[in-house]
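Student: model the following, please.
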Amino acid sequence: MGSNAQRVVSLRMKLQEKPQSAKLRAQLSCLLSECAKLQYDEGKRFAMKEEALSLAHKAIELAPDRPAGYGALANIASEHRLRMEALTTAIELEKKQRGDNPPTVGMALALARLLTEPREEEARMLTEQVKKGGKGIGKASAKHPNRRDLSESETEIYQQIQKTTDAVVAHPSMNGTKENETLGWIEYRLGSFFRKLQPEATYRAQSARHFRKAVDILPSNHTLSKKSGFWLATMGTDTGVNTCTAAYAATVDRCPEEYIVGLYCGFAKDFDNLLVNKLHYETPALLRRLVDGVLPASRRGKRWARRAADLGCGTGLSGVAFRSCVENMTGVDLSPEMVEKAKERQCYESLVVGDAEVVLNRSNGEETKSEGSRSTSSMYDLVFACDVFVYIGDLRSIFASVRNSLISPDGLFSFSTECLDEDPAVGNGFVLQKCARFAHKLSYIEELANKSGFEIRATKKCAIRKNEGKDVTGILAVMGVSK
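Tutor: The predicted structure follows:
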């Protein structure tokens, strides 16, 4: 946000010099719209959106026959219909303005939005309708927008996108970092669009092609490059994809942080209802019972854990399950929205937005002044992680961090993950599934526990949730520090 803030200041200064510039007003509107998305303060976010909207309308007023103002309005208008109307007008004016000149990357971006956003909005509205108790249309229904073939108009827009992006790539002046980043965004957006469409046999290869283009265009450390590689990895076992996506599966050992944050940002408000009522999620309670089962009789039913860490605490469902056995509990989650919901439960002494491993290692690094060694006040009697390791394939690093943060000899580590069958044909101990979640073999967990300084106290295979109406088999585990 720092660089964006500097750009906002720069554009404001330019606008003071040229107050009648529709282009500058449109640029500032678009920038404020982006800044608003990153602003957690509700008041500041609202003020940014209002100013962005005002700037877009003023840009249109100053230059009604130019596309800039309409393009800005397409970013900030609150109603989907108004955004699409503004976007359509911007595209028409851009075509008219450019004439026979080469198309711009901005045109390709606008066309990509025109193709993808109407179906996304339709699907979102159907989901909202179901949440409010309406009948709705399920994803399995032939009437769902993700199950419709492309219409003639959509096919025409898609062909225009391909033609435009090819022309942009071929033009010698269109090879700057900014243009490449926009092209990468377009390819990622198209990959995501086709990934959701059914049937998979028709659209999955198309999705993979766009994701590969995004990987080729963007730097390897770019967020969208990592997310594209991740989605390609989920297609690693797809027989319908005629390309070597298995190569990507071999390189992905955890879900991108940005993907997880984005996923749960949208889920936070209705997360508990979705998990408990729709997916029949019972992992926290099941895991607590497994932990209680390994405790000495003298500890059961008491607050035996002085300090505990809830990794991936979400909205606090797991915290509630373990609250009665912990004196001081810290919750950690990547999603700020989930942490805000967890605060409402008031079952944590502290909540941290961040990566669980980073937080554990930070605690491990604390030292006592007198001894120069780690203080037990910074360590935990219990570390638990419900439905977290489905986003991490290679568990070596997190196991080591947990081991170093547990008090010996009585500290306990408990967690759940999805179960991978002990198939000799699957060489790895974990696999990234099509559903974008990792599954682990029990043998992998047992071997890694031994190497990491743990001894297994209890394991259990059981249904941990529903997926498309079917039980998902998981592994619950409780480990202690090796003696």
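
Student: drop to CA atoms for contacts and neighbour counts, all remaining ones
Tutor: OK.

Student: any idea how many residues pack against the residue lying closest to L287 once chain neighbours are set aside?
Tutor: Setting aside the residues directly before and after it, L287 is nearest to L476 in space (CA to CA, 6 or more residues apart in numbering), at 6.4 Å. Counted with other CA atoms under 10 Å, residues neighbouring L476 total 26.

Student: same deal with N404?
Tutor: 21.

Student: and the helix or strand harbouring it, what does it pack against?
Tutor: Counting by DSSP states H and E, the element that carries N404 is helix 396-405. Where contact means 3 or more CA pairs under 8 Å, 6 or more residues apart in numbering; DSSP states H and E, helix 396-405 is packed against helix 356-364.

Student: so what sits opposite the residue nearest to L287 in the bridge?
Tutor: Taking DSSP bridges as the rule, L476 bridges to S416, K460.

Student: and it, how far from K460?
Tutor: 5 Å (CA to CA, to the nearest Å).

Student: got it, and L55?
Tutor: 59 Å.

Student: how about K451?
Tutor: On the measure of CA to CA, K451 and K460 end up 20 Å apart.

Student: same check, this time on L62
Tutor: Per CA to CA, L62 is found 68 Å from K460.

Student: quick check: E187 touching A214?
Tutor: Yes. Taking contacts as CA atoms under 8 Å, E187 lies within contact range of A214: 5.3 Å.

Student: show me what stretch 65-79 is in contact with.
Tutor: 22-23, 25-27, 29-30, 33, 49, 52-53, 56-60, 63, 82-87, 89-91, 93-94, 97 (CA atoms under 8 Å, 6 or more residues apart in numbering).

Student: and it, what's buried?
Tutor: Across stretch 65-79, burial judged by 16 or more other CA atoms under 10 Å covers 65-77.

Student: columns pLDDT on top of the residues you listed, output as TSV?
Tutor: Shown next, in TSV, are these (pLDDT from 0 to 100):
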residue	pLDDT
D65	95
R66	94
P67	94
A68	94
G69	95
Y70	95
G71	94
A72	94
L73	95
A74	95
N75	93
I76	93
A77	94
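
Student: from these, which is closest to E446?
Tutor: Closest approach between those and E446, by CA to CA: N75, at 50.7 Å.

Student: quick check: next helix or strand after the host helix or strand of the closest one?
Tutor: Using DSSP H and E, N75 maps to helix 67-76. Next in sequence after helix 67-76, counting helices and strands by DSSP H and E, comes helix 80-98.

Student: how far out from the middle of the chain is that following helix?
Tutor: 30 Å (CA atoms, centre = their mean, to the nearest Å).

Student: which ones are touching the residue nearest to P256 when sequence neighbours are not counted?
Tutor: Nearest residue to P256 in three dimensions, chain neighbours excluded: K227, at 6.3 Å (CA to CA, 6+ apart). By CA under 8 Å, 6+ apart, the contact set of K227 is 256, 258-259.

Student: want to throw the residues you listed into JSON lines with neighbour count?
Tutor: Listed next are the contacts of K227 as JSON lines, based on neighbours: other CA atoms under 10 Å:
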{"residue": "P256", "neighbour count": "18"}
{"residue": "E258", "neighbour count": "14"}
{"residue": "Y259", "neighbour count": "15"}
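
Student: now, which of these sits nearest V481?
Tutor: For the contacts of K227, the nearest to V481 is P256 (29.9 Å; CA to CA).

Student: is that closest one in contact with G229, as I believe?
Tutor: No. In this structure, P256 is not within contact of G229 by CA under 8 Å, at 9.6 Å.

Student: narrow the contacts of K227 to those in strands?
Tutor: Among the contacts of K227, no residue falls in strands (DSSP state E).

Student: in a markdown table, list the residues you listed along with distance to Q346 and pLDDT.
Tutor: Putting these into a markdown table (distance: CA to CA, whole Å; pLDDT from 0 to 100) gives the following:
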| residue | distance to Q346 | pLDDT |
| --- | --- | --- |
| P256 | 29 | 89 |
| E258 | 27 | 84 |
| Y259 | 27 | 86 |
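
Student: can I get the residues you listed in CSV including distance to E282?
Tutor: CSV is the format used below for the contacts of K227 (distance: CA to CA, whole Å):
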residue, distance to E282
P256, 26
E258, 26
Y259, 24
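
Student: coming back round to it: off-centre distance for the helix holding N404?
Tutor: 24 Å.

Student: report the angle between that helix and helix 356-364.
Tutor: 30 degrees (axes from the mean of the first three to the mean of the last three CA atoms, to 10 degrees).

Student: who's in contact with the nearest residue to M107 once chain neighbours are set aside?
Tutor: Distances taken as CA to CA, 6+ apart put I91 closest to M107, at 6.7 Å, once the chain neighbours are dropped. I91 makes contact with 67, 107, 110-111, according to CA under 8 Å, 6+ apart.
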